[in-house]
Structure formats: C-alpha cells, structure tokens
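> Sequence first, then the predicted structure:
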Amino acid sequence: MAETLSTPDVLDLSSLTERQRLAFYGALFALAAADDTIDERESDQILDSLQFDGLSEEARERVFALSISPPSLDTCLGLLKEAGEDVRRGLMLNLVDVALADGEIEPGEPHALEAARLTLGVSSDDVEAMHTYAYRVRQQASGRQPVRPLACPADFS
C-alpha cells in the first residue's frame, strides 16, 4: 500500500518584497521556458501558484507579462539567493515541481535546475528528495490541483 502524504503546506511569500516575489514567479516561468517553450500544463501550474495579496496592480500586471516573456533565470535566482532558507528551498521545490508538470524533464531543464540548486545553496540529496516529494504530491492529487506554491517540508520522508 502506498504511503499517503498529508496535505502539502503552501509556501507563504508575503514576507518577500514585490521585487523578490516577481523574481520567484519569474524563476518559475524561466524554468518552464528552459526548453524554449512553456507547456500549457507548466503555465497553468505556475498561474495556480500566484499569490496576489499585497502586490500592487503594477506588480500583478508584471507577473502576467513574465508568462509571455520570461526573464533570465540567473537574474531571478540572484535576487533570491540571500533569501531565507525556507524561501530558497521552497523555490527549488517549486522549480522541480514545474519541471515535472508536463510529465517529463525536458532538455534544458536539468541544466537550469542544477544552476538553481547551486545558486540557492541546496544539496544534491535534497533536490533528489524534492523530485520524489513533488512526484508523490502529483500522484496523490488524483486530478485535484494541490494549492501552490508548495512549501518545502523539513523532512522529505
């Protein structure tokens, strides 16, 4: 019998500045575009993760512009590399989750994920556990969309 996950926690981005929140969402769109195209499933998943509370109207508009013209992943990561551990690990988990949204890791995505891992200071073992966790969340959703962005659990077991 497969082990059931508890309902995944949602990563709270409200403590980030608008610029950092835009960088967080920009990084997700940049990863989705790493293979030169954003799959509809990737885009839908990112759009489901948007938290607009506390964002100005201009920032909200910029988020949607990011979906059309994704920024540089390196630029976005650079704005978040000094963020708290929960945000950096949460971003890494959500990058992995977006990469899995279309059912496979596409060419270009492994390189982008490795660059993110290094910039965000996340271990290879943790990223491997994040892959497993994101896959399990996806499998247990059974057609329901978990609320995103996913918070990174302290323990991946």
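Great, that's in hand. Numbers count the residues shown, from 1 in each chain.
> Counting neighbours, show which residues of the host helix or strand of A23 come out buried.
In this structure, A23 sits in helix 18-32 according to DSSP states H and E. Neighbour-count burial for helix 18-32 flags 20-32 (criterion: 16 or more other CB atoms under 10 Å). Placement of C-beta: from N, CA and C, glycine included.
> Same question for stretch 54-65.
55, 59, 62-63.
> And stretch 126-139, by the same measure?
For stretch 126-139, by 16+ other CB under 10 Å, it's 126-127, 129-131, 133-134, 136-138.
> As JSON lines, those with distance to L113 would be great.
As requested, those are arranged in JSON lines below (distance: CB to CB, whole Å):
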{"residue": "D126", "distance to L113": "12"}
{"residue": "V127", "distance to L113": "7"}
{"residue": "A129", "distance to L113": "14"}
{"residue": "M130", "distance to L113": "10"}
{"residue": "H131", "distance to L113": "9"}
{"residue": "Y133", "distance to L113": "14"}
{"residue": "A134", "distance to L113": "11"}
{"residue": "R136", "distance to L113": "18"}
{"residue": "V137", "distance to L113": "17"}
{"residue": "R138", "distance to L113": "16"}
